[in-house]
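K.L.:
pasting the sequence and the predicted model now:
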Amino acid sequence: MDKILIRGGKPLKGAVQVRGAKNSTLPLMAAALLGEQPCVLHNVPCLHDVFTMDKLLAEMGMTNEFTGRSMTLDATTVDSQVAPYDLVRKMRASFFVLGPLLGRYGKARVSLPGGCAIGTRPVDIHLKGLEALGARIAIEDGYVIAEGPLAGADIALDFPSVGATENLMMAASRASGVTRLSNAAREPEIADLAQFLNAMGAQISGAGTDLITIVGVDALGGAEHVVIPDRIEAGTFLVAGVATRGDVTVLNANAEHLASVLAKLRAAGAEIEVMGSRIRASAPDGIKAIDVTTQVHPGFPTDLQAQTMAMLCVADGASILKETVFENRFMQVAELVRMGADIELDGNSAVVRGVPALKGAPVMASDLRASAALVIAGLTAEKGETAISRVYHIDRGYERIEERLASLGAEIQRVRE
Ligand code: EPZ
């Protein structure tokens with residue numbers, strides 16, 4: 001297993017290219033199951049999670065091919081509608097194959113994803129929605145066994161779940177009749193998926209709002225699509241630049257997708273400049289404390305909560321961070337405290353009292369975004385070395401993070417443990 005070693009205290013300076021969005025690529029790959037001709041995705045990030053999804057689709061007989069950052073996905077060779085536990089347990093997003101399998105083949109056997117570090121992460125909203133579309137759902141030996149046919153319906157989601165909105169949009173694209181999803185998730189990745197499905201011949205409108213209408217069609221064809229930039233990766237680099245009192249520009253980003261984050265960085269006293277697809281953040285004099293509450297989009301994204309907490313550990317004053325989307329997303333706190341942070345937890349709130357500097361320490365990555373927070377904390381630590389183990393968590397969502405941070409002046413390296 002690899003380790004990442006960091007000697008912090010240097011302001012990050014320079015520009016870094018933002019890759020394609022992981023949380024768009026994964027549902028887009030699942031959506032390709034619906035294509036009766038091959039599809040091509042461009043701007044695909046080279047991430048472990050993408051390779052895991054590729055492996056799952058290949059298990060079902062799909063023929064996929066990577067050439068650089070483009071990927072051809074051919075579902076004409078699919079010969080199985082089973083998503084096995086040993087792959088689904090590795091990555092919850094594997095559950096996104098349920099909707100397209102059911103929509104296209106009228107049957108699916110998909111392992112329940114199980115919980116993970118940030119919470120139990122049930123799939124009740126997915127299953128209730130599919131049943132509303134007429135699917136017969138049974139749970140046997142930890143698998144969801146689902147059968148069609150599907151007929152359009154009006155579905156009100158109990159919570160604007162991103163994955164449930166995506167699964168239901170994909171299933172409904174092949175249901176007979178009209179489906180209206182209300183209280184739908186509004187994340188940019190939903191609109192990206194709808195654009196791809198419509199290019200394949202689906203009839204989806206309203207994606208990006210809380211009411212999405214899908215008129216079912218008899219078949220979907222092939223399509224070519226460019227994955228949107230990864231707003232969470234862009235936000236991670238900007239937060240790292242601010243946390244280290246540096247000056248970082250992210251290239252090929254979409255500032256609209258980060259409006260709530262940029263507003264919070266400005267409120268903390270960072271200088272933010274948006275020039276087309278370039279976003280620059282600088283904070284040479286450090287930042288002051290701010291309060292942050294995570295919300296569904298367009299609120300402050302839960303996927304940037306841990307990284308922002310690391311930044312606030314060295315802000316001037318006391319900040320209150322509230323996590324409202326997941327029930328246990330403070331996995332980074334214990335390790336940040338070991339690095340000298342002053343954090344008090346109270347339920348889903350954390351009071352972060354800024355300290356002059358953190359100290360390097362050996363720490364362990366737990367989940368993807370908590371690990372990114374530890375990297376940021378290590379970059380700000382003025383004394384000592386931070387050694388992060390279990391970096392496979394980071395590789396799930398960030399492409400060669402140590403090389404890209406090093407290009408911004410960080411003293412960081414990856415070593416084999
Ligand atoms: C997506 O997960 C993202 N993953 C997550 O990013 C992100 O944190 C999350 O959306 C919220 O924005 C991908 O897109 C691959 P949800 P998803 O369904 O779809 C509860 C990362 O770091 N819920 O919107 O699984 C659930 O427990 C990852 O890149 C139900 O109760 O998230 C959670 O508390 C982490 N029942 C809340 O809703 C359900 O049926 C939000 O979950 C579904 C969800």
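P.N.:
Cool, got the structure.

K.L.:
can we go C-alpha only for contacts and neighbour counts from here?
P.N.:
OK.

K.L.:
what residues does the stretch 251-400 of the chain have near the ligand?
P.N.:
Contact residues (CA under 6 Å from any ligand atom) of the stretch 251-400 of the chain with the ligand: 302-303, 325-326, 368-369.

K.L.:
of those, keep whichever come out buried.
P.N.:
Buried positions within those, assessed by neighbour count (16 or more other CA atoms under 10 Å), are 302-303, 325, 368-369.

K.L.:
greatest separation within these: which pair is it?
P.N.:
Spatial extent of those (CA to CA) is set by the pair Val325 and Leu368 at 15.9 Å.

K.L.:
tell me the phi and psi of the residue nearest to Gly134 when sequence neighbours are not counted?
P.N.:
In this structure, Gly134 finds its nearest non-sequential neighbour in Leu150, 5.2 Å apart by CA to CA, 6 or more residues apart in numbering. Dihedral pair for Leu150: phi -110, psi 140, per degrees, to the nearest 10.

K.L.:
and Arg92, how far from Pro284?
P.N.:
Arg92 sits 39 Å away from Pro284, going by CA to CA, to the nearest Å.

K.L.:
neighbour count: those two, which is higher?
P.N.:
Per other CA atoms under 10 Å, whichever of Arg92 and Pro284 has more neighbours is Arg92, with 19 against 16.

K.L.:
for the more buried one, give me its contacts.
P.N.:
Applying CA atoms under 8 Å, 6 or more residues apart in numbering to Arg92 gives the contacts 113-114.

K.L.:
tell me which helix or strand the residue in the stretch 251-400 of the chain that the ligand sits nearest to sits in.
P.N.:
In the stretch 251-400 of the chain, the residue found nearest to the ligand is Phe326; the distance is 4.0 Å by CA to the nearest ligand atom. Under the criterion DSSP states H and E, no helix or strand holds Phe326.

K.L.:
give me the distance between it and Glu224.
P.N.:
According to CA to CA, Phe326 stands 34 Å off from Glu224.

K.L.:
how about low-confidence regions in the stretch 301-417 of the chain?
P.N.:
For the stretch 301-417 of the chain, no stretch has pLDDT under 70.

K.L.:
what about the strands in it?
P.N.:
Along the stretch 301-417 of the chain, counting by DSSP state E, counting those that start in this stretch, strands occupy 318-322, 342-346, 349-353, 362-364, 385-389, 411-416.

K.L.:
now do the buried residues in the lowest-mean-pLDDT helix or strand in the chain.
P.N.:
In the chain, no helix or strand scores lower on mean pLDDT, DSSP states H and E than helix 85-88, which sits at a mean of 90. Residues of helix 85-88 classed as buried: 85, 87-88 (neighbour count, 16+ other CA under 10 Å).

K.L.:
re the thing from before, and of the strands of the stretch 301-417 of the chain, who's closest to Leu73?
P.N.:
Taking CA to CA, strand 411-416 is the member of those nearest to Leu73, at 32.3 Å.

K.L.:
and that closest one, which strands flank it?
P.N.:
Its sheet considered, strand 411-416 pairs with strand 2-7 (antiparallel) by DSSP bridges.

K.L.:
what angle do the strand it pairs with and strand 385-389 make?
P.N.:
Computed by axes from the mean of the first three to the mean of the last three CA atoms, to 10 degrees, the angle separating strand 2-7 from strand 385-389 equals 160 degrees.

K.L.:
what sits up against strand 2-7?
P.N.:
Applying CA under 8 Å, 6+ apart, the external contacts of strand 2-7 come out as 360, 375, 378-379, 381-392, 402, 410-417.

K.L.:
buried members of those residues into ChimeraX, please.
P.N.:
The buried residues among the contacts of strand 2-7 can be selected in ChimeraX (16+ other CA under 10 Å) with this line:
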select :360,375,378,379,381,382,384,385,386,387,388,389,390,391,392,402,410,411,412,413,414
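
K.L.:
helices of the stretch 101-250 of the chain, start to end?
P.N.:
Secondary structure of the stretch 101-250 of the chain by DSSP state H, counting those that start in this stretch: the helices cover 124-132, 162-172, 188-199, 231-243.

K.L.:
could I get the ones you listed in CSV, plus columns for distance to Thr213 and mean pLDDT?
P.N.:
Output for those, formatted as CSV (distance: least, CA to CA, whole Å; pLDDT from 0 to 100):
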stretch, distance to Thr213, mean pLDDT
helix 124-132, 14, 97
helix 162-172, 9, 98
helix 188-199, 11, 98
helix 231-243, 26, 98
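
K.L.:
about what we covered before: farthest-apart pair in the residues of the stretch 251-400 of the chain next to the ligand, please.
P.N.:
The most widely separated members of these are Val325 and Leu368, with 15.9 Å between them, by CA to CA.

K.L.:
how about Tyr398, nearest residue that isn't a chain neighbour?
P.N.:
That would be Leu47: by CA to CA, 6+ apart, it lies 6.7 Å from Tyr398.

K.L.:
how many residues are close by the one you found?
P.N.:
16.

K.L.:
likewise for Glu189?
P.N.:
By the measure other CA under 10 Å, the count of residues near Glu189 is 28.

K.L.:
who's in contact with it?
P.N.:
Contact analysis of Glu189 by CA under 8 Å, 6+ apart lists 23-24, 228.

K.L.:
of these, which are in range of the ligand?
P.N.:
Cross-checking the contacts of Glu189 against the ligand (CA under 6 Å from any ligand atom) gives Asn23 as the overlapping residues.

K.L.:
neighbour count and pLDDT added to the contacts of Glu189, as CSV?
P.N.:
Formatted as CSV, the entries for the contacts of Glu189 read as follows, by neighbours: other CA atoms under 10 Å; pLDDT from 0 to 100:
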residue, neighbour count, pLDDT
Asn23, 23, 98
Ser24, 21, 98
Ile228, 26, 98
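
K.L.:
got the residues of the stretch 101-250 of the chain near the ligand?
P.N.:
Residues of the stretch 101-250 of the chain lying near the ligand (CA under 6 Å from any ligand atom): 121-126, 161-164.

K.L.:
nice, that's everything, thank you.
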